[in-house]
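A.B. asks: when you get a sec, could you give me coordinates for this:
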Amino acid sequence: MIEVIVFSRLLSPQLLWKKMNLSKLSYWALILTLLLGIISCQSGTPKKKEKQSVSDSAIDSSFYHQSQVKYAKGFQIKLLANGLKELIVWDPWNEGKIFQKYYLKNRGENTDVQVPSDGILVKVPVRSIAALSSTQIGILKFLKVQDKIVAVSLKDRIYDEDLNEKAQNGQIKAVGHSETLNFEKIVDLDPELVMVAGFMKISDRETKLMQAGLPVAYNIEWMEPSPLARAEWAKFIATFFNKEAEAEKHFNEIEQRYNELKKLVEVVENKPSILSGYNFKGTWYMPGGQSYLGQFLRDGKADYCWFSDSTSGSIPLSFEVVFDKQGEADIWFGPGQCKTLEDLKNLDDRYTLFKPYKTGNVFCYTKRMNSRGANDWFESGVMQPDVVFKDAIKILHPELLPDYELYYYQQLK
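C.D. replies: Residues are numbered from 1 along each chain as shown. Presented below is the predicted three-dimensional model:
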């Protein structure tokens, strides 16, 4: 048929029907048949639909929400005039210095802007994330974007059952952390964001990930001086998912509940003395006076001899100093991952010398710890400071909450 069409363009009808030994009627019948066939083919075969590119998708206007940071000192969010969002993580160990800077670009916008060279470009919302600490998992659940998790540090340390099941069947990969971080495995997964807990300085492994083109986000919420400041890091993580408005709304609700509990404690006159932490490899890491754990005790009207200390992290002390200063404390908060007094004794026989051990006033955040060793206190506790505070009030001043049952903590027996 193609040959006939080509010939018909080169020869006159008279020559064509002579060469093909056709009558005039047969010739025009053949031409009509060919024309109808072409029309049929064109109308019957749908055009192949082009794959819609990301840039053609609807633009997410929630990118332009400007969060108000009330308590957290460790990060800053700023909308820039060129359509980018600047996200700064401050260095808590070097006041006034930047730990890392990011420039966020709203995915789907075709704005051609020059990205400054002093930060990392991240297109948001990100569609996959390697979340390498339990705290980050809790915040991602809070933001309802846990389905974006493709990698974690240790699969057995996930408390959430749905996420744990995904980790066990290989949908979420375990890639290690810190010195055990599996660089090749993360690069092979190619997540759009790798989130790690920041410690003092950027490690060589993290630098390698960035050199491989993977943005690394540093979450240093654990250095914040208060529970609400720590929870506010949800706004930091929310920027990578265009979820800032939702994060701000829910944070305001948490803040309100927490402050209502503070008012409940205002009338308290009795302040029980508190011992906290435990001895680990020869050093007792005591919560600093300006740490978020210290703030729980301050807000709960406890007597804590380290309130005057300016440390926002932990104070390294000897066993002897702790026993001398706090051996007669009324209540012991959080000695490791213990579930019974026998567990505590097995860690160190000397713990039995402390008054709270003798009186049974030892409380640990292991009520929501499963058989794998995964502890929900580390996972969801950061985003439920009001619930942790309620536990603290129940332990310190049980008469204020007579019908409340401890959620994260339990009394060791």
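A.B. asks: list the buried residues in whichever strand or helix holds Leu344.
C.D. replies: Assigned by DSSP states H and E, Leu344 falls within helix 341-347. In terms of neighbour count (16 or more other C-beta atoms under 10 Å), helix 341-347 has its buried residues at 341, 344. Bear in mind the C-beta positions are built from the backbone N, C-alpha and C, glycine included.
A.B. asks: ok, and what's touching the following helix or strand past that helix?
C.D. replies: Where DSSP H and E defines the elements, the next helix or strand beyond helix 341-347 is helix 355-359. Applying C-beta atoms under 8 Å, 6 or more residues apart in numbering, the set of residues contacting helix 355-359 from outside is 275, 327-332, 341, 344-345, 351-352, 362.
A.B. asks: next one: stretch 170-190
C.D. replies: Stretch 170-190 is contacted by residues 128, 130, 132-133, 149-155, 158, 163, 166-167, 194, 196, 199, 203, 205, 208-209, 212, 214 when judged by C-beta under 8 Å, 6+ apart.
A.B. asks: and that stretch, how far out from the chain middle?
C.D. replies: Between the centre of stretch 170-190 and the centre of its chain there are 16 Å (C-alpha atoms, centre = their mean, to the nearest Å).
A.B. asks: any buried residues in that stretch, and which?
C.D. replies: 172-177, 181-183, 186-187, 189.
A.B. asks: looking at those, which are in strands?
C.D. replies: Using DSSP state E, the subset of the buried residues of stretch 170-190 located in strands is 173-174.
A.B. asks: Leu228 contacts Gln256, correct?
C.D. replies: No. With contact defined as C-beta atoms under 8 Å, Leu228 does not reach Gln256; the gap is 10.7 Å.
A.B. asks: what residue is smack in the middle of this protein?
C.D. replies: A centroid search over the chain (C-alpha atoms, centre = their mean) returns Gln136, at 3.1 Å, as the residue closest to the centre.
A.B. asks: give me the residues contacting the longest strand seen in the chain.
C.D. replies: Longest strand in the chain by number of residues (criterion: DSSP E): strand 98-106. Contacting residues not belonging to strand 98-106 are listed as 59-60, 63-64, 80, 83-92, 111, 113, 115-116, 118-124, 198, 202, 215-218, 220, 239-240, 242 [C-beta under 8 Å, 6+ apart].
A.B. asks: what's the first helix or strand after it?
C.D. replies: Using DSSP H and E, the first helix or strand after strand 98-106 is strand 120-124.
A.B. asks: got a pLDDT number for Cys41?
C.D. replies: In this model, Cys41 is scored at 44, pLDDT.
A.B. asks: returning to that earlier point: partner strands of the longest strand of the chain, parallel or antiparallel?
C.D. replies: According to DSSP bridges, strand 98-106 forms sheet pairs with strand 85-90 (antiparallel), strand 120-124 (parallel).
A.B. asks: distance to Val69 added to the ones you listed, as CSV?
C.D. replies: Formatted as CSV, the strands paired with strand 98-106 follow (distance: least, C-beta to C-beta, whole Å):
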stretch, distance to Val69
strand 85-90, 11
strand 120-124, 18
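A.B. asks: buried deepest among these, which one?
C.D. replies: strand 85-90 (a mean of 19; mean count of other C-beta atoms under 10 Å).
A.B. asks: average pLDDT across that one?
C.D. replies: 96.
A.B. asks: run the chain-centre distance for that strand.
C.D. replies: For strand 85-90, the distance to the chain centre is 16 Å (C-alpha atoms, centre = their mean).
A.B. asks: may I have that strand exported as PDB, CA atoms only?
C.D. replies: The C-alpha trace of strand 85-90 is given here as PDB (Å, rounded to 0.1, in the frame of the first residue of the first chain):
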ATOM      1  CA  LYS A  85      13.500  29.100  52.200                       C
ATOM      2  CA  GLU A  86      16.600  29.400  54.300                       C
ATOM      3  CA  LEU A  87      17.000  26.900  57.100                       C
ATOM      4  CA  ILE A  88      19.800  27.300  59.600                       C
ATOM      5  CA  VAL A  89      21.000  24.800  62.200                       C
ATOM      6  CA  TRP A  90      23.000  26.600  64.900                       C
END
